[in-house]
Structure formats: structure tokens, C-alpha cells
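[1] the following block contains a protein sequence and its predicted model.
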Amino acid sequence: MANMYSKGTKRKFSDGVDNKAVAASYSLQRQSLLDMSLLKLQLCHMLAEPNLCRSVLIANTVRQIQEEMAHDGSWQVVTEALGGSGHGPSDRLVDTEVLCQSSEQQDGGPRLYSVMGYDGCREEEVVTDKALCSVVVGDRAPALLLGTIGHCWDRGELRVEDGVSKDSGTGEEEGTKSGEGAKMATGQVFGTFEIKNGAPGSDPALEELFSDVDASYYDLDTMLTGMQSAPKMGPYDFLDSLASSHGSVSNSSCRADLNELDHIMEIIVGS
Amino acid sequence: MAGVGGGNDFQWCFSQVKGAIDEDVAEADIISTVEFNYSGELLATGDKGGRVVIFQREQESKNRPHSRGEYNVYSTFQSHEPEFDYLKSLEIEEKINKIRWLPQQNAAHSLLSTNDKTIKLWKISQRDKRAEGYNLKDEDGRLRDPFRITSLRVPVLLPMDRMVEASPRRIFANAHTYHINSISVNSDHETYLSADDLRVNLWHLEITDRSFNIVDIKPANMEELTEVITAAECHPHQCNVFVYSSSKGTIRLCDMRAAALCDRQSKFFEEPEDPSSRSFFSEIISSISDVKFSHSGRYMMTRDYLSVKVWDLNMENRPVETYQVHEYLRSKLCSLYENDCIFDKFECCWNGADSAIMTGSYNNFFRMFDRNTRRDITLEASRENSKPRAILKARKVSTGGKRKKDEISVDSLDFNKKILHTAWHPKENVIAVAATNNLYIFQDKIN
């Protein structure tokens, strides 16, 4: 198996049964490398402060794999070879998608690699602390699974950069075009989710008021996994919280909490 | 200066080992940097606990002619403490990433030590004499009654137990958003550079509240980030020249006279990729973990995951020499990616004459390459070979097929025992090798 990776040989899918089997096997290995890489990115994001060099290298690897997969047009082949339903790689993708969408938003059918990019999604998440619910609603493409990495890197720049932040939506155009269903959007790998910085019409006075609020509280990713700005966690804690947070996403209670939050905000701001 | 072992002319012997023998290694004791000073008299180590330990070489004594100068502890101090960044809710590690000595200008020694965010200039001074016979105060320091003083005497200097004191003279803080990976003292002895993942800053040693940003590769949109700075170094003689390496296996040489912001390089060193060996791991293993100029200033050496390359500064399109450190790992890259070893950052160093280079590997192996004879040798830093003046035996990794006696197979290598940091005495054949929490010192065989 290791040899496959080191040589990086490509196989054509066209001729013969043998080649097809080999190709499927290579694709499986490539898929598992991709999964491993995505998991690494998720985990390193959850730890204290991600090693930027390592994150960049892993993300570049993911991008390479995706580009090759798109080039091969192999998404379809892989799903076919594995029966297309049940335990195909698309299921694994659906799992990771949970992080980025609440359950009501999943369209019919898996969206391959929409974890890398999607548009117009609205999300609402519930934090385990019931007292406050931070709601993150955006018209633009919100943080992506990998996009939160860029956000994390930008933490250091929170108060250093002012001015209008780039809409993470502009990153979409930079993504490479790909086959059906797969939103490559590799340019969005490091999309930053800067709802708190430079959101249209933000009030500088308001910002100053909350300037010492721990901005990571609004970090989309921590919302998604039901944690509050926990800077350090072990690699397996993340997987555990994944399971529990999925169950706790609930829209109606969130709406009630949203109203409560609005109310509290109004009192504080004195409007 | 002699070269590398393997022949009748030259062999390496064990000299000393510093550090605990316990199997249980405390994380804080893991050595994270090793550096000789300009004369080789002092050897500094930094560890993950933020401490710096300086060893001093004893004068060779006539009584024990067979014992070359041994290195003994000269000073130990806590350089960096763990900090908490409240804004980001993140801990700043106290691990010492690099130590660089400053050229000695007076009786005291100075060095720069850095963690991820803050660089400190430490002055280490010693006192081994004290004055006795003051007129105005007693031996215990109390002031004498001036009316009681009837005669004058000249205070005399008497020897005392040596006292070594380390004090922080400058703290260079708040200039780096990302993690500092390199510091390098300039040949003008007035300035130095510090580099993090995306920026390189130039400092004046006397000025702590300002630094000049001379390289900035942060993209306007972090989404576009695909490359980071991995190491940087000042040219040893030309104070306007420095290089920085990247995670894509490229090196850029910049001239500070060309522009205030050195975003456009003067020279760009990159070896074209061999398409036949391309894999998903190609980029990761091409990432440069260390760059070092030769003492002559004519060459530079880069370390990537599997090899060490020597570049002629006058030739940008390929290195002049390439040495394979552990090519047998190429078929194991997937496993090494899985266990993260593929991201290990190995350093490399030149000997004083630039005729040999050294770098570390796994299983506490380290490798030396003689540039002239093209011979190479693999040695091991282990307690088993720790008898005084024991000659180190060459080690070999069997790459497949039959394993000869004394060889070790690739699968038996201990990937937790990695030698990332090594240093070579600037003038003699004395090397310091950091193996996790132990520091090994080896010397050439005394004839």
C-alpha cells in the first residue's frame, strides 16, 4: 500500500477488468489518505494553536488529492464501484458535513465535498451552555470545515487588522472548477469567517464595547461542536464531542434563545 | 581539519553525556536547541521547559593529558516562562526554539534565545574575584564610622568561588503574530533577524520597541496561503544579504540594499522536481526544515525530510551536492504521514572547515557526510556506547532482503528517538548531539 503513495502512479480506468480493480483500489487508498488529512486538519484546529506550516502542508495535500480526483472524474467511478449507497465515501462526507450544516439543511442526496465550500447556507447552532445561544447567520458562505483553519490563523490578527474584511464568498471564484456535484472551491480552504470584523454596517462603538469579549466564543467551529472556546483538547475528545453535538442541534430552542440574546443585547447596548 | 570517519585516519569517540538516565522523559527536559559559541568554549542548550543550560569547556590540564577539555555546567537559567495570550485564549509555549550567541565583546558572554513569540538577550557574566579591605565598609558590608578610620589601605582582589550570573538585558516582544522559527545575528554585530511563518523582521540589538519588517508573505486573503517561511539566516560576511526557506522547498536570497521590503528576491533557488518520483507527499518532503550558510559564505545547505543539499550561491537552478539521509524511508511515507513524523524538522550543520556536514535521523542515529571524499557514516547516540573514549561504531540500516549482522531493519527503527538538533564545534572535531533529553558530546580520537 505504501508503494502506491510513494510512486503516485495513475491508472487509467478505461481498459479491462484488472485495471478497474487496481484503479478502484488506488482510489480507495487515495480516499483514505484524503480522510486522514481532513481528520488531521480538524484535530489540529482544535488544539492549542495550530502549527501553521503543518496545516498548510496538509491542506495542500488535500487540494492535490481533490484536484486529481476531479481530473480523473473519479468521483462517479468510486461511488459506483462501492455500490453508491450505504457505506460509500459520500457517507463519510455527509458525516463531516454535519459540522457545517444543521440537519434541516441537508439536501436530498449527498453533496460531495461540499464540506469544502457551499454558498448561501444559514446555520444555527446551540451551545451546550443553555443560557446563551450564539447564532451565526450569514448571507455569505460561512466558515467551512477547512475554512475555520484560516480563521484560527487569523486569530492573531483580530485586533491588528481593521477595516473591511474580505467576504469569504469571494473565495469561491478562485476555486477550481470541477466535475458534477463536487464544489472544489479550493480557494476556500482557508476561508476566514470574520463575522465579527467588518461586517457590513458594524458599529465601531459596539465593537469597542465588546472589544475584550473573547472573540473565539463566536468561532463557528466551537459552536458546531458544542464547545465554548476550549483552547486545548485531546485528539479524541473532538470525536466524542462530534457525536454529542450532532444530537443537540435543535432549531426551536435556538430560536427562543436567539430572542433572549437579542433582548440581552438590547439591554446592554441601551437601544 | 579531518573529515568523516570510516577510514584509518579518523574516528569519533564518546566523550560525555548530559541529562537524566530515566526511561521516563519529562516533556520539559526535551532539548530543543543546541549551539556552540564563536570560540567553542561554551555550549548552550535550550529545552521545552524554557530553560537554558550553558556548558563550559574545561582548560586542558597537564595532569590529565588524555582527557580533552570536558564540558561542565557553567550556568543554568530560566529564559522563558509559559505565557497566556488572553486575546486569543491560547497558551504561548515556553519552549526555546533557537539560541544564537553574540560575538563576545567584553568579559561577559551574550546570547539571544527565543520562544514562539519573544526574543531575549541574555548577558552571562562571571565573578571569580572579590575585593577585600575596603576603607569605608566592614567585611560584612556595614558602613564604618568615618571618625574611626585612622589609616588608608588599598583594597585587594582575592579569588572567590566562581559565581555565574545570567541577566536579561533586552526583551524583544510583540513583533511576531506567528511562531518564530529562526533568529540569526548579522555580521555587523549590531542587528539580527527573526523569522516566523509569514514574516521576517530586522532588529537592532539595542532597540527593543521597534523592528523593521523586511519580508512579508502573508497573502491579503488567508485563503490563498499555500506556502510558509520555515527558516532564515543572515549571510556570515555580507551584512546586507540573508536567505529564507519555504515549505515548498525553495530558498530566496534577498539583498536589503535593494528595497526596504524584500518581497522580491535577488535569487531564487529551487531544484526542478523529478516527475518520476512524484507522489502526494512530494511537497511535504520537499519542505525545508533548516538552512545554514557555510562558514565561507559561498555555499548554503538545506535540509528537507529525506536529504541534505548543498547549494552554490552562484547557481540557482539546482544544488551542487545532494546527500541522502535516510532514503529507506521513502517507501514508508504514508505511515510517517499518519504518525506525523513526516513533519519532523531536522537541523543540519557544517564543520568549521566546511568540509563535512552533519544531520540527525531516527533511532538516535545521526549522519555525517564528507564533502571531499564523499564518504558518509551513520552513528548512534546511545547509552550503550557511552564508555569513556569508546570509539563509535558505524551503524547501518538494512534496506530489504537479507539483514546482515549488526544491521537494523527499517521496521525496527524507533521513530520516537529522533535527533533533530546537532552542533559542531567551530574549530575542532567536537560535536554535540541532542537525543531527546540527553546531550551527547563526541570527539575525535586522540592519538
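    That came through fine. Just so you know, these numbers come straight off a predicted model, no measurement behind them.
[2] residue contacts, B:Ser15?
    B:68, B:70, B:388-389, B:430, B:441-443 (Cβ atoms under 8 Å, 6 or more residues apart in numbering or on different chains). No exception for glycine: its C-beta is placed from N, CA and C like everyone else's.
[3] if we go to 7 Å?
    B:441-443 (Cβ atoms under 7 Å, 6 or more residues apart in numbering or on different chains).
[4] so which of these are also by chain A?
    Among the contacts of B:Ser15, none lies close to chain A by the criterion of Cβ under 7 Å from any Cβ of the partner chain.
[5] give me the pLDDT value at B:Phe84.
    B:Phe84 is assigned a predicted lDDT (pLDDT) of 86.
[6] could you list the low-pLDDT ranges of the chain?
    Assuming you mean chain A. For chain A, the stretches with pLDDT under 70 are A:1-17, A:45-48, A:74-258, A:269-271.
[7] not what I meant, chain B
    B:1-9, B:61-68, B:401, B:446-447.
[8] thinking again about what came up before, filter the contacts of B:Ser15 down to the buried ones.
    B:441-443 (16 or more other Cβ atoms under 10 Å in any protein chain shown).
[9] phi, psi for the closest residue to chain A within the stretch 251-400 of chain B please.
    Nearest to chain A in the stretch 251-400 of chain B, going by Cβ to the nearest Cβ, is B:Ser279, at a distance of 3.6 Å. Main-chain dihedrals, B:Ser279, degrees, to the nearest 10: phi -150, psi -180.
[10] neighbours of it, just the number please.
    Counted by other Cβ atoms under 10 Å in any protein chain shown, the residues lying close to B:Ser279 total 19.
[11] and it, how close does it get to A:Gln29?
    The gap separating B:Ser279 from A:Gln29 is 12 Å, by Cβ to Cβ, to the nearest Å.
[12] returning to what we had before: out of the buried ones among the contacts of B:Ser15, which is nearest to B:Thr45?
    Distance to B:Thr45, by Cβ to Cβ, is smallest for B:Ile441 among those, at 11.0 Å.
[13] do a quick rundown of the helices in the stretch 151-300 of chain B.
    Assigned helices in the stretch 151-300 of chain B, in chain order: B:282-286 (criterion: DSSP state H, counting those that start in this stretch).
[14] spell out which residues of it are next to chain A.
    Taking Cβ under 7 Å from any Cβ as the contact definition, the stretch 151-300 of chain B meets chain A at B:177-179, B:197, B:221-226, B:228, B:230, B:247, B:278-281, B:283-284, B:287.
[15] give me the buried positions along the helix or strand A:Ser55 falls within.
    Using DSSP states H and E, A:Ser55 sits in helix A:52-72. Neighbour-count burial for helix A:52-72 flags A:52-66, A:68-70, A:72 (criterion: 16+ other Cβ under 10 Å).
[16] close to chain B, is that helix?
    Yes: counting by Cβ under 7 Å from any Cβ, contacts between helix A:52-72 and chain B involve A:52-54, A:56-57, A:60-61, A:64-65.
[17] same thing with stretch A:29-46?
    Yes: Stretch A:29-46 reaches chain B (Cβ under 7 Å from any Cβ) through A:33, A:36.
[18] where's B:Ile21 relative to B:Ser386, distance?
    The gap separating B:Ile21 from B:Ser386 is 10 Å, by Cβ to Cβ.
[19] between the two, which one's more packed in?
    A count of neighbours by other Cβ under 10 Å puts B:Ser386 above the other of B:Ile21 and B:Ser386, at 15 against 9.
[20] just checking, that one touches B:Lys18?
    No: assessed by Cβ atoms under 7 Å, B:Ser386 is found out of contact with B:Lys18, at 11.3 Å.
[21] and the lengthiest helix in chain A with helix A:52-72, angle?
    The single longest helix within chain A, with elements called by DSSP state H, is helix A:17-46. Interaxial angle, helix A:17-46 versus helix A:52-72 (axes from the mean of the first three to the mean of the last three Cα atoms, to 10 degrees): 150 degrees.
[22] list the buried ones in helix A:17-46?
    Buried residues in helix A:17-46, counted by 16+ other Cβ under 10 Å: A:20, A:23-24, A:26-31, A:33-34, A:36-38, A:40-46.
[23] on contacts alone, who are the packing partners of that helix?
    Counting contacts by 3 or more Cβ pairs under 7 Å, 6 or more residues apart in numbering or on different chains; DSSP states H and E, helix A:17-46 packs against helix A:2-7, helix A:52-72, helix A:74-81, helix A:89-97, helix A:147-154, helix A:235-248.
[24] from A:Leu41, how far out is the residue of the stretch 251-400 of chain B closest to chain A?
    From B:Ser279 across to A:Leu41, the span is 19 Å (Cβ to Cβ).
[25] for B:Asn106, same thing?
    B:Asn106 sits at a distance of 51 Å from A:Leu41 (criterion: Cβ to Cβ).
[26] can you check B:Asp197 too?
    Distance, B:Asp197 to A:Leu41, by Cβ to Cβ: 16 Å.
[27] swap in B:Tyr74?
    Distance of B:Tyr74 to A:Leu41, given as Cβ to Cβ: 44 Å.
[28] what's the burial count for B:Pro219?
    13.
[29] that one reaches B:Leu225, doesn't it?
    Yes: using Cβ under 7 Å, B:Pro219 is in contact with B:Leu225, at 5.5 Å.
[30] which residues in the stretch 1-150 of chain B form helices?
    Going by DSSP H, counting those that start in this stretch, the stretch 1-150 of chain B shows no helices.
[31] residues of it that sit close to chain A?
    Counting by Cβ under 7 Å from any Cβ, the residues of the stretch 1-150 of chain B near chain A are B:87-91.
[32] dump these to a markdown table, plus neighbour count.
    Converted to a markdown table, those look like this (neighbours: other Cβ atoms under 10 Å in any protein chain shown):
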| residue | neighbour count |
| --- | --- |
| B:Leu87 | 15 |
| B:Lys88 | 20 |
| B:Ser89 | 19 |
| B:Leu90 | 20 |
| B:Glu91 | 15 |
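[33] now, which of the residues you listed lie within strands?
    B:90-91 (DSSP state E).
[34] and the residues of the stretch 1-150 of chain B next to chain A, which two are furthest apart?
    Pairwise distances across those peak at 12.6 Å for B:Leu87 and B:Glu91 (criterion: Cβ to Cβ).
[35] can you pull the contacts of the nearest residue to B:Gly49 once chain neighbours are set aside?
    Using Cβ to Cβ, 6 or more residues apart in numbering or on different chains and skipping the chain neighbours, the partner closest in space to B:Gly49 is B:Ala28 (3.0 Å). Shown in contact with B:Ala28 (Cβ under 7 Å, 6+ apart): B:47-49.
[36] same check on B:Asp85?
    Under the criterion of Cβ under 7 Å, 6+ apart, the neighbours of B:Asp85 are B:Ile92.
[37] bridged to it, which residues?
    Residues in a beta bridge with B:Asp85, per DSSP bridges, are B:Leu90.
[38] and for B:Arg100?
    Assessed by DSSP bridges, B:Arg100 has beta-bridge partners B:Leu112.
[39] one more: B:Leu121?
    Judged by DSSP bridges, the bridge partners of B:Leu121 are B:Leu112, B:Arg170.
[40] which residues does it contact?
    Contacts of B:Leu121 (Cβ under 7 Å, 6+ apart): B:110, B:112, B:169-170, B:205.
[41] do that again at 10 Å, thanks
    B:Leu121 makes contact with B:102, B:110-113, B:167-172, B:192, B:203, B:205-206, B:208 under the criterion Cβ atoms under 10 Å, 6 or more residues apart in numbering or on different chains.
[42] try B:Ile99
    Taking Cβ under 10 Å, 6+ apart, we find B:Ile99 in contact with B:32-35, B:37, B:44-46, B:52, B:54, B:79, B:111-114, B:122, B:183, B:423.
[43] so which of these sit within strands?
    Here DSSP E is the test, and the contacts of B:Ile99 give B:32-35, B:44-46, B:52, B:54, B:111-114, B:122, B:183, B:423 as lying in strands.
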